[in-house]
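> Turn this into a structure:
(chains A, B and C)
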Amino acid sequence: MQLDALLANLDDEQRRAVTHGEGVLLVAAGAGSGKTRVLTTRIAWLLATGRARPHEVLAVTFTNKAAREMVERVESLLEGPLRGGFVGTFHRFALQLLRRHPREAGLPERFAVCDVDDQKRLLQQALKSMNIAEAELPLKVARARLSAAKNALLRPEELMQQARTPLEERIASVYRLYQDQLRTAGAVDFDDMLQLSVELLERQEGVRRALQERFRWLLVDEFQDTNVAQARLVRLLGGPRPNLTVVGDEDQSIYRWRGAEVENILRFEEAYPQTTVVVLGRNYRSAEPILAAAAALIGHNSRRRPKHLSSQAGTGAPVAVLEAADEIDEARLVIDELAVAGGGTAAVLYRTNAQSRPFEAELVRRGVPYVVVGGTRFWERAEVKDAIAYLRLVVAPHDELAFRRAVRVPARGVGEAAMEHLARVAAELGVSLPEAARRSPAGLSPRARVALEDFFALLAAVADAPGPAAAVRLLLERSGLQEQYSLDDEEDRARRANLDQLLAAAAEAGERGLDLAAFLDEVALLTDADAPTSAAAVVLSTLHAAKGLEFDTVFLVGLEEGLLPLGRGEGESDVEEERRLAYVGMTRARRQLVLTWARLRRLYGHQAETRPSRFLREIPPALVKNRSFAGGRDAFRTHLPQPGRAHTEGPRAPGPATVNSAAPPRSPSGGGGGSAGSGRRSHPDGWRPGQRVRHPTFGFGVVLQVQGTAAQLKVVVYFDRAGRKVLIPSLARLERS
DNA sequence: GCTTGCGGTATTTTT
DNA sequence: TACCGCAAGC
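Predicted structure coming up:
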């Protein structure tokens, strides 16, 4: 691509960031200022000008989705594939590094990656063996503390030294024990990946040098969310004369509770004195009043660089504030308003997942398609993890955690007693737990012994299967994992279908040339099928999950003291993070922003009076159109559009009578709304949003969204009875109906 | 060793 | 209100 063309559509600031040469660059990118565009164009520019060769580029993001998007956009700019460099998440980079140098990192050759469940189980074991009661140190707290320690690069000894109270000492001891057990199991957890990578690079000069020489260009997205370990990793990779670009916005830092250090970006110039700073100050997303309101709000934070964002998205309606009687009324008001808003994408954003309920109920009642972002995600579902545990054991025969999980499901008569016996035998023989089980030692019940023999025979067969798909298919057929779920129960059928999806994912990985081990590594780092950026449905999402998305209309709901900001207004820094959260929510809106609160809210079963959020007061009245309904619902509702054309594809529509009083949220008029993968066009592969389909397990549904093409084709379907599913039509038996 | 009932507890969750 | 994790029965 021509250089001119590459730079043609950038504003001055963006261009300055993109064409910065060597050295350290901080791009302070306000909401909607074209951050991703700058990052991707910069990579393309570095390559196109010959400053960087592809294999010298290391770009890190936080999510797989962001990484994927980055690759796609760079490739489209370059009009060709991007090969040789690394674009991916911090964790993927770290895992790759550890896989390449397990010895140097002090790990066994084929170490396992343990998931959250494994982690909890190990930790629980540790707590139990130390006789620590749940009341003294709840599992959750322990996990959070250990994670925080690891993210801060503290080893058990160091944590012990820092301990001020007996409880802190206990935590440090738990940490040590947990870590020992993890190593004995030959496993690393998520936080280890980063911590061990840092240690590896600090200790092994050769490895460090090699990486520094290879990756001459580093780029980091969402720098405001980095923790100590990640910042340190970046520092080590950069070496003495880094070519480092970081992009971020402290106002959108919302993961402090997970170890993110806003200081990393606020004090970046202290850490890298030679930094050039480019401020992207033009917002291309939100209409003027929305941006002004958001700016006024975030202006109340003190831990930030003062900045000006100017709207390039034109004027629009003032921000509306709606007062509802209670949370049910809130849902009704919002969906009413949605009907009036007409056209474009829309989202309801809330602080806590529990708030989605009334909205779901109301949307179902009216037959409006909707999508809930988050919830229990595919890869976290028990049935999927059970199957994965088997596969892990095939790849790493000594994976104790996988063994413990797999052997329990389906129940085969190997329970706690047998496990304890095996653990003793393992300790005596000095072998791993699965190895002990393989030897079928004396002292087991005959039933357990036979069960174990069958179990390992199955694993051997799976191991011999050619490729991941065959392995999964064999596993599902022979293990009973599929049969343990009935065909009558709705939940169970969904579980079966999820296992089918696992098979589909394995097949897809196989097509990409991955073997079973590589497939599992990928799975370990995967969390979700893509969150929808836009769909022919209303999006319900927590504020956290909405980061990075945008919608024509946004409803930010539950603006009450105690809910947003959440909690009991303890530390001021907590309130600042809550304010950032509200800010992130507001700046998701392109054309229209509606803020709501309810006078009464049912929380944990009790209804209580609320007070409007301080955040509402922090927005100047001039920017807001207040529409309070003292008596609840009246005048406004009479403005409801008439039912009109039936929107028959509505999910869970029991019959025409209840179908539709709200217009389809993405109306055919479209307007300026159609950005990502726009919904209505018919798809070359024959699937299009709105189409009715049928699936042998899920029954009837409607296509919400079509992503990708050909073999990569995925369709998002909202099933009347099973809800939202992402399917791969080439594998799932999906039919038009 | 696996299913039923009770009580305590409640954020947010990129990997 | 709802779920989850623990304690007692088949």
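> Against residue A:394, how distant is residue A:99?
17 Å (C-beta to C-beta, to the nearest Å). From N, CA and C alone the C-beta is placed, and that goes for glycine too.
> if you count what's nearby, which of these two comes out ahead?
residue A:394 (24 against 17; other C-beta atoms under 10 Å).
> In this structure that one contacts residue A:461, no?
No. Taking contacts as C-beta atoms under 8 Å, residue A:394 lies outside contact range of residue A:461: 9.5 Å.
> What values do phi and psi take at residue A:165?
Per-residue torsions, residue A:165: phi -120, psi 160 (degrees, to the nearest 10).
> I should have written residue A:594 there, sorry.
The phi/psi pair for residue A:594 (degrees, to the nearest 10) is phi -120, psi 130.
> and if you look at residue A:107?
Torsion angles, degrees, to the nearest 10, at residue A:107: phi -120, psi 160.
> residue furthest from the geometric center of chain A?
What lies farthest from the middle of chain A is residue A:442; by C-alpha atoms, centre = their mean that is 46.4 Å.
> secondary structure class for that one?
coil (DSSP: H, G, I helix; E, B strand; the rest coil).
> One more: residue A:514?
coil.
> Which pLDDT value belongs to it?
We have a pLDDT of 90 for residue A:514.
> That one contacts residue A:505, correct?
No. Using C-beta under 8 Å as the test, residue A:514 is too far from residue A:505 to be in contact (10.5 Å).
> Which one's more surrounded, the two?
residue A:505 (23 against 17).
> Am I right that the more buried one sits in a helix?
Yes. Counting by three-state DSSP, one finds residue A:505 located in a helix.
> Leaving out sequence neighbours, find the closest residue to it.
residue A:523 (7.6 Å; C-beta to C-beta, 6 or more residues apart in numbering).
> So for stretch A:495-513, what gets flagged as buried?
Residues of stretch A:495-513 classed as buried by neighbour count (16 or more other C-beta atoms under 10 Å): A:495-510.
> Any part of it near DNA strand B?
No. Using C-beta under 7 Å from any atom of the strand, stretch A:495-513 stays clear of DNA strand B, coming no nearer than 14.1 Å.
> Tell me, how many residues neighbour residue A:448?
Residue A:448 has 23 neighbours, counted by other C-beta under 10 Å.
> For the residue nearest to residue A:505, which three-state class applies?
Classified using three-state DSSP, residue A:523 is helix.
> and residue A:589, what does it touch?
The neighbours of residue A:589, taking C-beta atoms under 8 Å, 6 or more residues apart in numbering as the test, are A:286-287, A:290, A:550-554.
> Return the distance of it relative to residue A:344.
Residue A:589 is 10 Å from residue A:344, by C-beta to C-beta.
> Now the common contact residues for the two.
The contact sets of residue A:589 and residue A:344 overlap at A:551-553 (C-beta under 8 Å, 6+ apart).
> Mark which of these are part of strands, please.
A:551-553 (DSSP state E).
> Among these, which one lies nearest to residue A:694?
Distance ranking of those against residue A:694, using C-beta to C-beta, places residue A:551 first at 30.3 Å.
> Do I have it right that that closest one meets residue A:539?
Yes. If you go by C-beta under 8 Å, residue A:551 and residue A:539 touch, sitting 6.8 Å apart.
> So for those two, which residue has more residues nearby?
A side-by-side neighbour count of residue A:551 and residue A:539, using other C-beta under 10 Å, places residue A:551 first with 28 against 25.
> What residues does the more buried one make contact with?
Residue A:551 neighbours (C-beta under 8 Å, 6+ apart): A:344-347, A:534, A:539, A:588-590.
> With residue A:6 instead?
A:41, A:44-45, A:48, A:77.
> From the chain's centroid, how far away is the one helix or strand it maps to?
Per DSSP states H and E: residue A:6 is located in helix A:3-8. Relative to its chain's centre, helix A:3-8 lies at 33 Å (C-alpha atoms, centre = their mean, to the nearest Å).
> List the buried residues for that helix?
A:6-7.
> same thing with stretch A:267-284?
In stretch A:267-284, counting by 16+ other C-beta under 10 Å, buried: A:268, A:272, A:276, A:278-280, A:282-283.
> residues in contact with it?
A:11, A:13-14, A:16-17, A:20, A:23-35, A:38, A:223, A:231, A:235, A:242, A:244, A:246, A:264, A:291, A:307-313, A:587.
> From the residues you listed, which land in strands?
Reading strands off the contacts of stretch A:267-284 with DSSP E, I get A:24-29, A:244, A:246, A:310-311.
> got CSV for those residues, with distance to residue A:125, pLDDT and neighbour count too?
Listed next are the ones in strands among the contacts of stretch A:267-284 as CSV, based on distance: C-beta to C-beta, whole Å; pLDDT from 0 to 100; neighbours: other C-beta atoms under 10 Å:
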residue, distance to residue A:125, pLDDT, neighbour count
A:24, 45, 97, 22
A:25, 47, 97, 22
A:26, 44, 97, 21
A:27, 45, 97, 29
A:28, 46, 95, 25
A:29, 44, 94, 28
A:244, 41, 97, 23
A:246, 40, 97, 26
A:310, 56, 92, 13
A:311, 55, 91, 20
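> How many residues are close by the residue in chain A that DNA strand C sits nearest to?
Minimum separation of chain A from DNA strand C (C-beta to the nearest atom of the strand) falls at residue A:605, amounting to 2.6 Å. Number of residues near residue A:605 (other C-beta under 10 Å) recorded here: 5.
> what do you get for residue A:561?
Neighbours of residue A:561 (other C-beta under 10 Å): 18.
> Any figure for the gap between the nearest residue to it once chain neighbours are set aside and DNA strand B?
Spatial nearest neighbour of residue A:561, chain neighbours left out: residue A:611 (4.6 Å); criterion: C-beta to C-beta, 6+ apart. Residue A:611 sits 17 Å away from DNA strand B, going by C-beta to the nearest atom of the strand, to the nearest Å.
> What score does residue A:611 have for pLDDT?
Confidence for residue A:611, expressed as pLDDT, is 91.
> That one contacts residue A:560, doesn't it?
Yes. Under the criterion of C-beta under 8 Å, residue A:611 makes contact with residue A:560 at 6.6 Å.
> Which of the helices and strands in chain A ranks last by mean pLDDT?
helix A:635-638 (a mean of 34; mean pLDDT, DSSP states H and E).
> Pick out the residue in chain A sitting closest to DNA strand B.
Nearest to DNA strand B in chain A, going by C-beta to the nearest atom of the strand, is residue A:415, at a distance of 1.9 Å.
> ok, that residue - contacts?
residue A:408.
> Next up, phi/psi of it, please.
phi -110, psi -160.
> do the same with residue A:299
In terms of degrees, to the nearest 10, the main-chain angles of residue A:299 are phi -60, psi -20.
> Mind pulling the model confidence for residue A:448?
84.
> Would the strand or helix carrying it count as contacting DNA strand C?
Using DSSP H and E, residue A:448 sits in helix A:446-464. No. Helix A:446-464 lies apart from DNA strand C when judged by C-beta under 7 Å from any atom of the strand; the minimum separation is 14.9 Å.
> what's the distance between whichever helix or strand comes after that helix and the middle of its chain?
Moving toward the C-terminus from helix A:446-464, the next helix or strand (DSSP H and E) is helix A:467-479. Offset of helix A:467-479 from its chain centre (C-alpha atoms, centre = their mean): 28 Å.
> Report the rounded mean pLDDT for helix A:467-479.
Here the average pLDDT along helix A:467-479 is 92.
> mind listing what's buried in it?
For helix A:467-479, by 16+ other C-beta under 10 Å, it's A:467-476, A:479.
> Format those as JSON lines; extra columns: distance to residue A:436.
Shown next, in JSON lines, are the buried residues of helix A:467-479 (distance: C-beta to C-beta, whole Å):
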{"residue": "A:467", "distance to residue A:436": "30"}
{"residue": "A:468", "distance to residue A:436": "28"}
{"residue": "A:469", "distance to residue A:436": "31"}
{"residue": "A:470", "distance to residue A:436": "29"}
{"residue": "A:471", "distance to residue A:436": "24"}
{"residue": "A:472", "distance to residue A:436": "27"}
{"residue": "A:473", "distance to residue A:436": "29"}
{"residue": "A:474", "distance to residue A:436": "25"}
{"residue": "A:475", "distance to residue A:436": "23"}
{"residue": "A:476", "distance to residue A:436": "27"}
{"residue": "A:479", "distance to residue A:436": "21"}
